[in-house]
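In: Have a look at this fold, sequence not included:
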């Protein structure tokens, strides 16, 4: 503000204003959810807008941030990380414009940064935030699968080794494997000229430190307000976490459930190469992932069951990279999610098959709230997550908020009575 408008505002003032506005938005969100829950069942899941979207997609995932265990006792203490950290966010909240977000360490004394948290502190302080993404998209339906052959990038060993190890702990280094990753900018994940993945039109987000059940209610209320329940085509995309599919069954039961293809790929790769030389395992992976791409997961399950008979069942004390455990975990994953892995059908219907959009959204949230130097109180974390969701959404949420807030202002200023 000093550079833009020659206006000097103290850091503490910005910090307090940020949390106050964030809490107002959290309260508004809570009121919207309660109003949604009070609706009769038929109204809850009816189209709430005159022109529902053609394709509505809901995705959810989780990020990480550090929460301090202390509760606010001093009224001058806010729930945000530090006054300096909040300058960028306050401009986001008040102006709705993008600004630089400096990564400033929390300081104990001027000019001296506090050391990062120890391993024990990290275990104690790291918590999960839950993020939901709602997108209207556009795509074309086809008479048949527009891309029946798996794209080359998914059978490129340079790319897949790196990708699978990032997603799956059971992917141990294999003898004979090539470790150098490929250049992702040179890889086109979908080389089929006949297949064009769905394109995003308008996206909005919700985020919370509360549990998955609370996120589900908030997601459902937001989906109804955008007319998602009246869409012609609907999809819910996520990884294999059980909480994701509990939310889907409860609030989005008529949305097509889709397991993220990349997560499925990491499990298949881990099981195919477990206990084998890389050359042998790679050949198995190429065959299995081709079957998964075509929606023939049952064939992969059958071969995995035979592989499990060869290796035997895992014991309780075996590591995550033990071939018996890797095969058992993959077999369980595929059996549990088989009904959500009809990828040939999803492509025919013009639905997305990856959760890459919400994973990218999580990174955008992490840029603001995650860092070894960033600690939050629960109240400040919830307020900040709400403001970040508002800032990243394309539905002009903050513009509407400021208009309504100004219209509701009384012109009276409340002063604190001196004690």
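Out: Yes, it's here. What you see is a predicted model; the values in this text were computed from it and never measured. Residues are numbered from 1 along each chain as shown.

In: Quick check: buried residues in stretch 11-21?
Out: Buried residues in stretch 11-21, counting neighbours by 16 or more other C-beta atoms under 10 Å, are found at 14-19, 21. The C-beta positions use only the backbone N, C-alpha and C, and glycine is treated the same way.

In: Just the ones in helices from those, please.
Out: 14-19, 21 (DSSP state H).

In: Go ahead and confirm residue 145 touches residue 344.
Out: Yes: counting by C-beta atoms under 8 Å, residue 145 touches residue 344, with 4.3 Å between them.

In: got the residue ranges for the strands in the stretch 151-300 of the chain?
Out: Shown for the stretch 151-300 of the chain, the strands assigned by DSSP state E, counting those that start in this stretch span residues 199-208, 233-238, 256-259.

In: Please apply the same query to the stretch 1-150 of the chain.
Out: When assigned using DSSP E, counting those that start in this stretch, the strands of the stretch 1-150 of the chain occupy the ranges 55-66, 107-109, 112-113, 126-138.

In: Residue 36 is nearest to which of these?
Out: Taking C-beta to C-beta, strand 126-138 is the member of the strands of the stretch 1-150 of the chain nearest to residue 36, at 14.0 Å.

In: Kindly list the single helix or strand of the chain that scores lowest on mean pLDDT.
Out: strand 107-109 (a mean of 31; mean pLDDT, DSSP states H and E).

In: ok, residue 10 to residue 2 distance?
Out: 11 Å (C-beta to C-beta, to the nearest Å).

In: Please apply the same query to residue 206.
Out: Noted for residue 206: a distance of 33 Å to residue 2, by C-beta to C-beta.

In: before we move on, what about residue 150?
Out: 55 Å.

In: do residue 373 as well
Out: Distance, residue 373 to residue 2, by C-beta to C-beta: 23 Å.

In: out of those two, which sits in the more crowded spot?
Out: It is residue 373, of residue 373 and residue 2, that has more neighbours when counted by other C-beta atoms under 10 Å, with 18 against 9.

In: Do a quick rundown of the helices in the stretch 151-300 of the chain.
Out: 157-167, 212-225, 242-251, 261-273, 278-293, 297-311 (DSSP state H, counting those that start in this stretch).

In: what about the fourth one, average pLDDT?
Out: Model confidence over helix 261-273 averages 95 on the pLDDT scale.

In: contacts for that helix?
Out: 154, 160, 163-164, 167-168, 170-171, 174, 177, 239-240, 281-282, 284-285, 288-289, 292-293, 300, 304, 307, 326-327, 329-331, 333-334, 337, 341, 343, 353-356 (C-beta atoms under 8 Å, 6 or more residues apart in numbering).

In: Now do the residue nearest the centre of the chain against residue 192, distance only.
Out: Residue closest to the mean C-alpha point of the chain, counted by C-alpha atoms, centre = their mean, is residue 61 at 3.2 Å. Residue 61 is 26 Å from residue 192, where distance means C-beta to C-beta.

In: same thing with residue 308?
Out: 33 Å.

In: quick revisit: and which of the buried residues of stretch 11-21 is nearest residue 211?
Out: Among the buried residues of stretch 11-21, and counting by C-beta to C-beta, the member closest to residue 211 is residue 19, at 22.2 Å.

In: re earlier: quick one: closest of the strands of the stretch 151-300 of the chain to residue 275.
Out: Closest among these, using C-beta to C-beta: strand 256-259, at 24.9 Å.

In: Report the distance from the closest one to the chain centre.
Out: Distance of strand 256-259 from the chain centroid (C-alpha atoms, centre = their mean, to the nearest Å) equals 15 Å.

In: do stretch 243-256 as well
Out: Computed by C-alpha atoms, centre = their mean, the chain-centroid distance of stretch 243-256 equals 16 Å.

In: again, but for stretch 269-280
Out: How far stretch 269-280 lies from its chain's middle: 30 Å, per C-alpha atoms, centre = their mean.

In: Quick one: end-to-end distance for that stretch.
Out: 12 Å (C-alpha to C-alpha, to the nearest Å).

In: Tell me which residues of it come out buried.
Out: In stretch 269-280, counting by 16+ other C-beta under 10 Å, buried: 269-276, 278.

In: Could you dump these into CSV with distance to residue 404 added?
Out: As requested, those are exported to CSV (distance: C-beta to C-beta, whole Å):
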residue, distance to residue 404
269, 50
270, 51
271, 53
272, 55
273, 56
274, 57
275, 61
276, 62
278, 60
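
In: so what's the residue nearest to the centre of the chain bridging to?
Out: Here residue 61 shows beta-bridge partners residue 131, assigned using DSSP bridges.

In: and it, what does it touch?
Out: Listed by C-beta under 8 Å, 6+ apart, the contact partners of residue 61 are 130-131, 238-239, 355, 358-359, 361-362.

In: how does it look with 7 Å?
Out: If a contact means C-beta atoms under 7 Å, 6 or more residues apart in numbering, then residue 61 has 131, 238-239, 355, 358-359, 362 as its contacts.

In: any idea which of those is closest to residue 202?
Out: Nearest to residue 202, judged by C-beta to C-beta, of the contacts of residue 61 is residue 358 at 15.1 Å.

In: What sits closest to that closest one if chain neighbours are left out?
Out: residue 59 (3.7 Å; C-beta to C-beta, 6 or more residues apart in numbering).

In: That neighbour touches residue 355, doesn't it?
Out: Yes: counting by C-beta atoms under 7 Å, residue 355 is a contact partner of residue 59 at 5.1 Å.

In: Sweet, I'm off.
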